[in-house]
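> Quick one: sequence plus predicted model below, questions after.
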Amino acid sequence: MATIPLEHVATESEWKQPSRGVVAMASLITAEASIFTIFVVAYLYYLGRDVSGPTPKQVLEVPIFGTVCLLSSSGFIMLAESAIEHGRIAAFRIWWSVTILLGAIFLTITGLEWYKLIVHDHLTVRTNLFGTTFYSLVGLHASHVVAGLLMMLAVLAFALTGHVRQEHAERIKVLGLYWHFVDAVWVVVFTVVYVVGR
Amino acid sequence: MGSESLPNIPGIEAGLDRTPALKKTGTYLELVHDWVVTVDHKKLGILYISYALIFLLVAGAEALLMRIQLFFPHNTFVSPFTFNRLFTMHGTTMVFLVGMPILFGFGNYLVPLMIGARDMAFPRLNAFSFWISAFAGLLLYYSYIGGVGLSGTGSAPDVAWFAYAPLTSRAFSPGHTVDYWAVSIMASGVGSIGTAINILATVFCMRCKGMTLSRIPLLPWLYATVSFIVLVAVSPLTAAQAMLMIDRYLGGHFFDTQAGGSAILWAHFFWIFGHPEVYVLVLPAFAFANEIIPVFSRKAIFGYSAMVAASVGIAFISLSVWAHHMFTIGMTSFGNAFFTLSTMLVSIPTGIKTFNWLATIWGGKIRFATPMLFSIAFLFQWVIAGLTGIMLSISPWNWQTHNSYFVVAHFHYVLVGAIVFMIFAALYYWYPKITGRMLDERLGKWHFWLMVIGFHVTFDTMHFPGLLGMPRQIYTYEPDRGWTLLNQIVSVGGIIQAIAVLIFVWNMVRSYFRGAEAGPDPWDAWTLEWSTSSPPPVYNFVVDPVVASRRPLWDLKHPEDPDSAFE
């Protein structure tokens, strides 16, 4: 009677649970994926339903270089993650900067593309359905790139001032998950907008 | 091992905080400051619940105004414009400012306590989620003074809670009321998604030692399920509101039919959110029933794993039924058949749940305290709501009754008969834990019986004007339609419910000061929240709990016959 039955088979000698950062990021990615799904569905549904031009075929050029930059940045961020996990801070700083640079190049190319579309092709959100859905979908993705870059720049600032150490590897990994998601979404957006839609 | 980590006192006394409570010496301003800056899950839970209860009174008052207007044919109590605003605000408020916050409030308060954690996984995100939701409520109601509505006639949104395009376009809704509506729903959506992320991370990463997935109490399990639905179903609404804002502010054409856009796409996007939302609201009600019914039947829940599986099943099925709100919009016969069948599929997991509750009660030693009374009424009303749901899922029947009062009666049977009743049950059940005082049982019985009578007078009767052809959202009707008496009965029932709710409000206020001391475990319950003092100290548990079964307090109270021996 005196003993409390809480001691029941202490097999859980090591009580391990998933990392809350990873679970939370996976949840955020689920929510974001649903938002992107709605915009992708709208893009596909309205494809070719414009009552006036210009059409995607007339004005869109496939941004191959930007795509290569963005997708390869996923590889570099993995190098950075592995570097910090093994405590190689200098390597981490290099790979992390390369990732940011590649993301920034992608963003610049998107900016140039928009400049051309707006100034030369006179395609704005107002012009037609294509304009509305194109700028919304690509803009939604670009805003996620911006968010990712801002977070990565913050980490870079901490890394350069020596505040990022090996014990932060898991947090870096969580941020890396977000960046992988941004890249994976681009695969979908690229396929929908520049392959199927053109 | 457990006996070393716990003081050598048997029973739940071991978990109680024996340090004398600090006398509150702070000024009024310090008290307010304390609540504003808090990141404690219990305080945020209380904030959520109180905020929702205030809006419950507001939206209830709006419902009463509508019922007064419909009491006589050709009544002129409110103008048609005001009436449009009333039903829009009633619906939006009840879903976004009452239903979601109160359920998240209970989740906030109970989930960490029930899994033996000190707080949520992300306390500051938790505070952010609450305050952005609170901001959403203020924003929506600010539109009464800040907005200009349809035809420039003023104030609040008047486009119904589903806000079908193209009524929401600049051409038909000048002014800013629709903007207030859209932005406030986006803000509340951000808060909901934040809380959902937090609950998922808490349930899966913050459990106390020994609480494996199959030992989590059903309430946290169901809240995790709800959070998943929030992630995949509330986000589409946020996306659709973004599109609406692009249309309204940047001149986009998403829902502009003249430029090739589609009004029907809005309906799809809205109901992709709208139907799972019903399950976001009703699964927490199920969660309360899962905790309350076993305790008051003195039996462990019947079919724990079937309950979890059924909840997850509901979550998945709920994502594929949305177009049953749109049968009259016109779909292919394949679409009609698909959505009829998928809707009917929902009745399998919900049926499993209903039978499990019945099996839990069966042969139990039932205590008819107020929480149990509300739970039993919930069981009956939930089944009836499900039956009219099956009727409405049949597309030919739906074509006849769509947008009639039959539909209004059906979904109020779910929202009031199931969800509000279980919210009352939960308040009676956990109020002692939250405040340390029992709610008065005599007032509780008055509240219960008036609520049951008022509910049935209103919502049983409401089916009939629907079958006689009365459409929803009309501000008045002709005297020769045969709807007059039925509408009057409905309105009288509404007033009875209002009296019941006022008795409840009085009970809450009075019991806070004069209620009997609750003690840590007034209901002789089995989950971890009852192992700590009422109200719990900020750190929840003096000693980190270690559990060995689904009913840790049963094990503590009955060391001769612990549940853990049977797992």
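Sure thing, it's come through. Numbering: from 1, shown residues only, chains lettered A, B, ... in the order given.
> Tell me which other helices or strands the helix or strand hosting B:E277 touches.
Following DSSP states H and E, one finds B:E277 within helix B:263-297. Under the contact definition 3 or more C-beta pairs under 8 Å, 6 or more residues apart in numbering or on different chains; DSSP states H and E, helix B:263-297 sits against helix A:20-46, helix B:100-114, helix B:218-250, helix B:304-317, helix B:347-361, helix B:370-393, helix B:421-435. Where C-beta positions appear, they are placed from N, C-alpha and C, glycine not excepted.
> dump the residue contacts of the closest residue to B:I115 other than its chain neighbours.
Closest residue to B:I115 apart from its sequence neighbours, by C-beta to C-beta, 6 or more residues apart in numbering or on different chains: B:R207 at 4.7 Å. The contact partners of B:R207, by C-beta atoms under 8 Å, 6 or more residues apart in numbering or on different chains, come to A:17, B:115-117, B:216.
> Check the secondary structure at B:R207 for me.
Following DSSP: H, G, I helix; E, B strand; the rest coil, B:R207 is assigned to coil.
> chain center to stretch B:529-539: distance?
24 Å (C-alpha atoms, centre = their mean, to the nearest Å).
> Straight-line length of it, end to end?
12 Å (C-alpha to C-alpha, to the nearest Å).
> How about that stretch and chain A, any contact?
No - contact between stretch B:529-539 and chain A is absent, the nearest approach being 11.0 Å (criterion: C-beta under 8 Å from any C-beta of the partner chain).
> Next one: the residue lying closest to A:T67 once chain neighbours are set aside from chain B, what distance?
Closest residue to A:T67 apart from its sequence neighbours, by C-beta to C-beta, 6+ apart: A:F190 at 5.8 Å. In this view, A:F190 and chain B are 19 Å apart by C-beta to the nearest C-beta, to the nearest Å.
> Give me the pLDDT value at A:F190.
A:F190 is assigned a predicted lDDT (pLDDT) of 97.
> mind checking which helix or strand it is in?
helix A:169-190.
> And that helix, what's buried?
Buried residues in helix A:169-190, counted by 16 or more other C-beta atoms under 10 Å in any protein chain shown: A:169, A:172-183, A:185-186, A:189-190.
> by contact count, what packs against it?
helix A:20-46, helix A:64-85, helix A:89-119, helix A:129-160.
> picking that back up, just the helices and strands packed on helix B:263-297: most buried one?
helix B:100-114 (a mean of 28; mean count of other C-beta atoms under 10 Å in any protein chain shown).
> Quick one: mean pLDDT over it.
Here the average pLDDT along helix B:100-114 is 96.
> Pull out the CA atoms of the following helix or strand past it and give them to me as PDB.
Scanning forward in sequence from helix B:100-114 by DSSP H and E, the next helix or strand is helix B:123-146. Extracted in PDB, the C-alpha atoms of helix B:123-146 (Å, rounded to 0.1, in the frame of the first residue of the first chain):
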ATOM      1  CA  PRO B 123       4.600  30.200 -24.400                       C
ATOM      2  CA  ARG B 124       5.400  33.400 -26.200                       C
ATOM      3  CA  LEU B 125       3.800  32.200 -29.500                       C
ATOM      4  CA  ASN B 126       0.900  31.300 -27.300                       C
ATOM      5  CA  ALA B 127       0.500  34.900 -26.000                       C
ATOM      6  CA  PHE B 128       0.900  36.200 -29.600                       C
ATOM      7  CA  SER B 129      -1.800  33.900 -30.800                       C
ATOM      8  CA  PHE B 130      -4.200  35.100 -28.200                       C
ATOM      9  CA  TRP B 131      -3.600  38.800 -28.700                       C
ATOM     10  CA  ILE B 132      -3.800  38.600 -32.500                       C
ATOM     11  CA  SER B 133      -7.200  36.800 -32.100                       C
ATOM     12  CA  ALA B 134      -8.300  39.400 -29.600                       C
ATOM     13  CA  PHE B 135      -7.300  42.100 -32.100                       C
ATOM     14  CA  ALA B 136      -9.300  40.400 -34.800                       C
ATOM     15  CA  GLY B 137     -12.400  40.600 -32.600                       C
ATOM     16  CA  LEU B 138     -11.900  44.300 -31.900                       C
ATOM     17  CA  LEU B 139     -11.200  44.900 -35.600                       C
ATOM     18  CA  LEU B 140     -14.500  43.200 -36.600                       C
ATOM     19  CA  TYR B 141     -16.600  45.200 -34.100                       C
ATOM     20  CA  TYR B 142     -14.800  48.400 -34.800                       C
ATOM     21  CA  SER B 143     -16.400  48.200 -38.300                       C
ATOM     22  CA  TYR B 144     -19.600  49.300 -36.600                       C
ATOM     23  CA  ILE B 145     -18.100  52.700 -36.200                       C
ATOM     24  CA  GLY B 146     -15.300  52.600 -38.800                       C
END
